[in-house]
Every structure is written in C-alpha cells, then in structure tokens.
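Asks: sequence-free structure coming up:
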C-alpha cells in the first residue's frame, strides 16, 4: 500500500496529514495492473478515490476518467518514474488506482452458510507469498471455486497490492477468507459434511485415482514444509499429483491450478430447480 501525491498540491506528503500509517491503510488501498484496475471499475467504481495512468493508457481509460470527472475525483497522467513511486512497483502496466479497501468477508459466516453438494473450495496452509496467493486466486476464479481459505499467522495478511495484481481481477470475483486457525475452520467444515482433502507429495494415492466427495475443500501446504500436522490430521484423504520427472514437488500456485482443474472436472452437476 502506498502513499500517493495529491492532485491539488502535487506534493508527496500523505493525503491525511498527521494521520498514522496504520490509520491510512484502513482507509486506502493501492491497486495496480491493467486487469486488476479494470475489474475494480467494473464491480465497485464507487470505491475509487484517485486514478493515475500513463500516456499510453489515457485513451483506454476514457470511461474511468469520465467517471472521476463527474464525481470530482482526482485523476492524473504521470510519467513512468512517478507511476513506479505511486504503485511502489514497476509492474503497474500504466494504471494505478487508490481505492477503499475491499471489505474482508467473515470466514465464520461462510462456514455457517455451508457449501452445496456440488461445490468446492481451496484452502492454503501457511502459503503467504503474495504472488502465489494472487495466482491461486486467479485459478480459483477460472475453475469456479466457491472461495479461497487462507490460514495465516497472527500478524500476517494474505492481501496486498502485489496479490491483487497477480490475481488479475479475481479478488473481485472470488471471496478470500483469512483465518488464524485453519485446523479449527476445517473441523467446523467437516462437522457440516464437507470432505477435506490435502495435497501431499508423499501420499501413495494419486489425485486422479482418488474418489473425491462433495462438497470438498482441498488444502495446499507451503512449498518448504507442506501441510502442517494439525491440518494433516483434519484431512479425510491425502493425495499427490503424479509426475514423470525428477522434481519432487511443484510450485504452490501450479499445484493449486492442477488440483482445482481436477476438482472442477469431478464435481457433480448442480441440480436444476424448477421454476
């Protein structure tokens, strides 16, 4: 999350003079990357606070600029160096938006609502790399997962500007639920009849030969240690992705994409209700 120059003054001072950085983070979030910014404009344009863009993106953002103009929201064309500073990244693709933070959905409300018999979701056990989380979120959106459940440490967060860029707009499409105790949430899901499967390279059961039950939540562990013991104990089945090469494991986001593809392929068709 970055502090951006004010349109009126052109200074680099924080837009809320005297406010703490933590307070500012609660009110503003920086989104960068073409697809991520476009998805924000399509789904929640009312949350846009400021827009910055390159000369090459100016024409493509005509509707965004018109929206800002009518609502007296700051928007400005910047050179490459200035955009890099605003985004705190060089991967902005010529578009940066400062927006209101997306409201974090409640994992407990999600568990209470339950999953339908044909639905599936993905869970991450201590996968905290923002690039991986963003790429996995994108795969969740592509394969139709009902949500991404992220188990984190006490002071960690799954969502930052890099996550949003890597998700390519998927954060606006698939709910992301953060939780401090993934084993507890998995226990609650199991109590509601959700089948919990875990990805484990050392398992003797192949993903493709295992009968998955639905609704299903598939858990992916971090690349160094895999699934933690408490999470492993919550799993109804442990499966591996079979390979033909000498590498022992896959990148977490690649593994998640393969698992999601198989979850989608094996999922039962939703029952049509008569009108």
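Replies: Nice, I can see it. On a predicted model such as this, the values are computed, not experimentally measured, just so you know. Numbers count the residues shown, from 1 in each chain.

Asks: give me the element residue 203 is part of.
Replies: Here residue 203 is covered by no helix or strand, with elements defined by DSSP states H and E.

Asks: quick one: pLDDT of it?
Replies: What the model reports as pLDDT for residue 203 is 94.

Asks: and it, what does it touch?
Replies: Neighbouring residues of residue 203 by C-beta atoms under 8 Å, 6 or more residues apart in numbering: 238-240. Just so you know, the C-beta spots here come from the backbone N, C-alpha and C atoms, and that holds for glycine as well.

Asks: next SSE after the lowest-mean-pLDDT helix or strand in the chain?
Replies: None of the helices or strands of the chain scores lower by mean pLDDT, DSSP states H and E than helix 21-27, at a mean of 58. Under the assignment DSSP H and E, the closest C-terminal helix or strand after helix 21-27 is strand 29-32.

Asks: what pairs with that next one, parallel or antiparallel?
Replies: Strand pairing for strand 29-32, using DSSP bridges, gives strand 95-99 (antiparallel).

Asks: now the partner strand: average pLDDT?
Replies: 97.

Asks: what distance do you get for residue 149 to residue 266?
Replies: Separation of residue 149 from residue 266 (C-beta to C-beta, to the nearest Å) stands at 20 Å.

Asks: and for residue 183?
Replies: Residue 183 is 25 Å from residue 266, by C-beta to C-beta.

Asks: please apply the same query to residue 181.
Replies: 29 Å.

Asks: for residue 94, same thing?
Replies: Residue 94 is 41 Å from residue 266, by C-beta to C-beta.

Asks: ditto for residue 137
Replies: Counting by C-beta to C-beta, the separation of residue 137 from residue 266 is 21 Å.

Asks: give me the residues contacting stretch 145-152.
Replies: The contact list for stretch 145-152 (C-beta under 8 Å, 6+ apart) reads 107, 110, 115, 119-128, 133, 136-137, 140, 158, 174-182, 185, 217, 231, 260, 263.

Asks: picking that back up, the more surrounded of residue 181 and residue 266?
Replies: residue 266 (16 against 12; other C-beta atoms under 10 Å).

Asks: report all helices and strands that the strand or helix carrying residue 238 contacts.
Replies: Following DSSP H and E, one finds residue 238 within strand 237-239. If you count contacts as 3 or more C-beta pairs under 8 Å, 6 or more residues apart in numbering; DSSP states H and E, strand 237-239 packs onto strand 195-199.

Asks: next secondary structure after the strand it packs on?
Replies: Per DSSP H and E, the first helix or strand lying C-terminal to strand 195-199 is strand 216-221.

Asks: from memory residue 251 sits against residue 222, does it?
Replies: No - the criterion here is C-beta atoms under 8 Å, and residue 251 misses it with residue 222 at 11.0 Å.

Asks: more crowded one of the two?
Replies: Applying other C-beta under 10 Å to residue 251 and residue 222 shows that residue 222 carries more neighbours, namely 16 against 13.

Asks: and stretch 86-104, what's buried?
Replies: Applying a neighbour-count criterion of 16 or more other C-beta atoms under 10 Å, one finds 86-89, 92-99, 102 buried in stretch 86-104.

Asks: please consider this matter closed, and thank you.
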